[in-house]
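Asker: With the input below, show me the fold.
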Amino acid sequence: MTPGSDHVEEEQKPENEAAPEAADALKPEPEAAAAPGAEPKKPAKSAVREWAETLVVALLVALVIRSFVVQVYLVEGPSMEPTLHTFERVFVNKLVYRFRAPKPGEIIVLQDPARPQRELIKRVIAVEGETIEIRQGIVYVNGQALKEPFINTAIKSNTNMEPQPVPEDHVFVMGDNRGMSFDSRNIGPIAVSKIDGKAFFMFWPVDKFAYGPLDQPRQIDPTISSTK
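Answerer: Numbering: from 1, shown residues only. Here you go, the predicted model:
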């Protein structure tokens, strides 16, 4: 995601240009006619041309990968703290959801329905067919309280939300920093078609290279009673 140098063969001249007869005598014989049916030799490509073609192919491959497979995203804002911070960079798999649906606990990049030119990064909390409810900041899915060790406990959220079913082909997303996140509590469930991809790997800054798993599979908190 080697350049070479042009090689030009110079025409050899006779050493004694003053003697035309000698010069004529040193002229090379004409090349023998090619055998019937033999293909003429193709001129070799210059090293510069080969290098340029390789570069063009590499750029096209890189553009395809960036557009359809993997893309780098820069995190801006505090909504995913403490998992992700401003100026951190992550790889996003843009192909995965063409083959399967998002799963609870995955971090995704999505188009902001309110501002399509902006992209958000959030965590999937509930998927289609599930019912989500929030009581005093505690999230319940299908009546069971979730255990969420990844959220920011320094800024508490006492959000309340009545039970809400997640429609088909939609997901309910929230930021890990519940007190400072613009998410499905504000804009509702997100259509899967609006998801750009799955964040799967943090590679910058260097001291956080491959820092822990970004996914956090759903856990049920047995210490909190279920709702009906």
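Asker: can you map out the strands along this protein?
Answerer: 70-74, 89-93, 107-111, 119-127, 131-135, 138-141, 144-145, 161-165, 170-174, 190-191, 195-204 (DSSP state E).
Asker: Could you identify which of those is most buried?
Answerer: Mean neighbours per residue, mean count of other C-beta atoms under 10 Å, is largest over the strands of the chain for strand 170-174, with a mean of 25. Any C-beta I mention is one placed from the backbone N, CA and C, and that applies to glycine too.
Asker: so what strands line up beside it?
Answerer: Note on strand 170-174: by DSSP bridges, its sheet partners are strand 119-127 (antiparallel), strand 190-191 (antiparallel).
Asker: Can you list the neighbours in contact with the longest one?
Answerer: It stands for strand 119-127. 73, 75, 79-80, 83-84, 90, 101-112, 132, 139, 141, 146, 150, 166, 171-176, 181-184, 196, 199, 216 (C-beta atoms under 8 Å, 6 or more residues apart in numbering).
Asker: follow-up on the earlier one: for the strands of the chain, which one sits closest to residue 223?
Answerer: With C-beta to C-beta as the criterion, residue 223 lies closest to strand 144-145 of the strands of the chain, at 8.2 Å.
Asker: strand partners of the closest one, parallel vs antiparallel please.
Answerer: Here strand 144-145 is paired, per DSSP bridges, with strand 138-141 (antiparallel).
Asker: List the contacts of the partner strand.
Answerer: By C-beta under 8 Å, 6+ apart, strand 138-141 touches 104, 125-126, 130-134, 145-146, 148, 174, 218, 224, 226-227.
Asker: hmm, which two among the residues you listed are most spread apart?
Answerer: Maximum pairwise distance among these (C-beta to C-beta): 19.9 Å, between 174 and 226.
Asker: quick check, nearest of the contacts of strand 138-141 to residue 188?
Answerer: Looking across those and measuring by C-beta to C-beta, the closest to residue 188 is residue 132, at 11.1 Å.
Asker: Would you mind confirming that the closest one makes contact with residue 163?
Answerer: Yes: at 7.3 Å, residue 132 counts as touching residue 163 under the criterion of C-beta atoms under 8 Å.
Asker: what stretches of the protein score poorly on pLDDT?
Answerer: Where the chain drops to pLDDT under 70, the residues are 1-45, 49-69, 209-212.
Asker: What are the boundaries of the helices in it?
Answerer: Counting by DSSP state H, the chain has helices at residues 20-25, 47-68, 184-187.
Asker: Just the C-alpha atoms of the last one, please, in CSV.
Answerer: Extracted C-alpha coordinates of helix 184-187, given in CSV (Å, rounded to 0.1, in the frame of the first residue of the first chain):
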residue,chain,number,x,y,z
SER,A,184,-30.4,6.9,20.3
ARG,A,185,-31.8,8.5,23.4
ASN,A,186,-32.0,11.7,21.4
ILE,A,187,-32.4,10.5,17.8
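Asker: Would you mind listing the buried residues in it?
Answerer: By neighbour count with 16 or more other C-beta atoms under 10 Å, helix 184-187 contains the buried residues 184, 185.
Asker: contact partners of it?
Answerer: For helix 184-187, the surrounding residues in contact (C-beta under 8 Å, 6+ apart) are 112-114, 122, 125, 134, 159, 161, 171-174, 190.
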